[in-house]
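In: from the sequence below, what's the structure:
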Amino acid sequence: MTSTPGGPGPGQVAAARAQVRRVRPRDAARMRALRLEMLADAPLAFLETIADAAARPHAEYAARIAYTAVGTDTAQFVADPGGRLVGHAGGTVAPEEPGLTVVYAVYVTPTWRGTGLLGDLIDSVAGWSRACGRPELMLEVVVGNDRAYRAYQRLGFVDSGVRVPHPTIPTLTELQMRRPA
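Out: Just a heads-up that it's a prediction; the model follows:
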C-alpha cells in the first residue's frame, strides 16, 4: 500500500512505521505543534485549553521537554516518522501508589489512527515503567469516549470501576483503566 505525505490514510497501514522514542530537548518546537493539534482535535481529553497552550512561551515548552527527556519520575514518548510528530504518550509516577505509572496525554494524529501506533506508544510507556520498577499502568478516559475506551481495552486495559470527576469540566466524569506494564 502507498501512504499519503502526511501519513497513511484511513484504513491504510503505514509503509514505514513511525519511530517511537522518548522525547529529546531538540523536539520542543515539534512537540509544541503536536500539543496544539492534540488540544484542537480532542479538547475534552486534556487538562488545558488550546488558548492557554498557544499563549505559553516556547521556553516553557523547551523546559518541560528537557525535564521529561530524562529521569524516572516523568517521561514523554513521541511517534516520529520524520518531519512532524504524529503521536504522543506520557507516563508519570503516582506518589500514593509506588508501583503505578499514570499514563497521560495519549494522542495519535487522525491520519495515523488504526496503524498500531497507539499500541507502540503505550508499549514504550510500559517498558519505561517496568524499567523504573513500576509494574502497573493506569489511565483515565472521559465516560462516553467509547472510541478511546475500546482502543484501550484492545491494549489490555480493564475498567477498574473507579470513577472520578473530570479535573477541569465539572459536568464530566472519567473512568480509570489499568493493566500490567
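In: neighbours around the residue nearest to Asp41 when sequence neighbours are not counted, how many?
Out: Counting by Cβ to Cβ, 6 or more residues apart in numbering, Asp41 lies nearest to Pro110, which is 6.8 Å off, once chain neighbours are set aside. To be clear about C-beta, it is placed using only N, CA and C from the backbone, and glycine gets the same treatment. By other Cβ atoms under 10 Å, the residues close to Pro110 number 13.
In: roughly how far apart are Ala53 and Arg35?
Out: 6 Å (Cβ to Cβ, to the nearest Å).
In: what's the next secondary structure element after the helix or strand of the chain with the lowest mean pLDDT?
Out: One helix or strand of the chain scores below all others by mean pLDDT, DSSP states H and E: helix 50-55, with a mean of 89. Once the chain leaves helix 50-55, the next helix or strand it forms, by DSSP states H and E, is helix 58-68.
In: which elements pack onto that following helix?
Out: Packing partners of helix 58-68 (3 or more Cβ pairs under 8 Å, 6 or more residues apart in numbering; DSSP states H and E): helix 28-41, strand 74-80.
In: buried residues in the least confident helix or strand of the chain, which are they?
Out: Residues of helix 50-55 classed as buried: Ile50, Ala53 (neighbour count, 16 or more other Cβ atoms under 10 Å).
In: same check, this time on stretch 171-181
Out: Glu174, Leu175, Gln176, Met177, Arg178, Arg179, Ala181.
In: low-scoring pLDDT stretches of the chain, where are they?
Out: 1-16 (pLDDT under 70).
In: for it, which segments count as strands?
Out: Remark: strands assigned in the chain by DSSP state E are 19-22, 74-80, 87-93, 100-108, 136-142, 158-165, 173-180.
In: so which of those comes closest to Ala63?
Out: Nearest of those to Ala63, taken as Cβ to Cβ: strand 74-80 at 12.7 Å.
In: residues in contact with the closest one?
Out: 18-23, 27, 30-31, 34, 65, 67-69, 85-93, 105, 108, 112, 117, 120-121, 124-125, 128 (Cβ atoms under 8 Å, 6 or more residues apart in numbering).
In: repeat for stretch 30-38
Out: Here stretch 30-38 has contacts from 23, 45-46, 50, 53-54, 58, 61, 65, 76, 78, 84-86, 88, 105, 107, 109, using Cβ under 8 Å, 6+ apart.
In: again with stretch 45-57
Out: 32, 35-36, 38-40, 43, 105, 107, 142, 145, 148, 167-168.
In: just the buried ones from the contacts of stretch 30-38?
Out: Buried, going by 16+ other Cβ under 10 Å: 23, 45-46, 50, 53, 61, 65, 76, 78, 85-86, 88, 105, 107, 109, out of the contacts of stretch 30-38.
In: before I go, just wanted to say thanks for your time.
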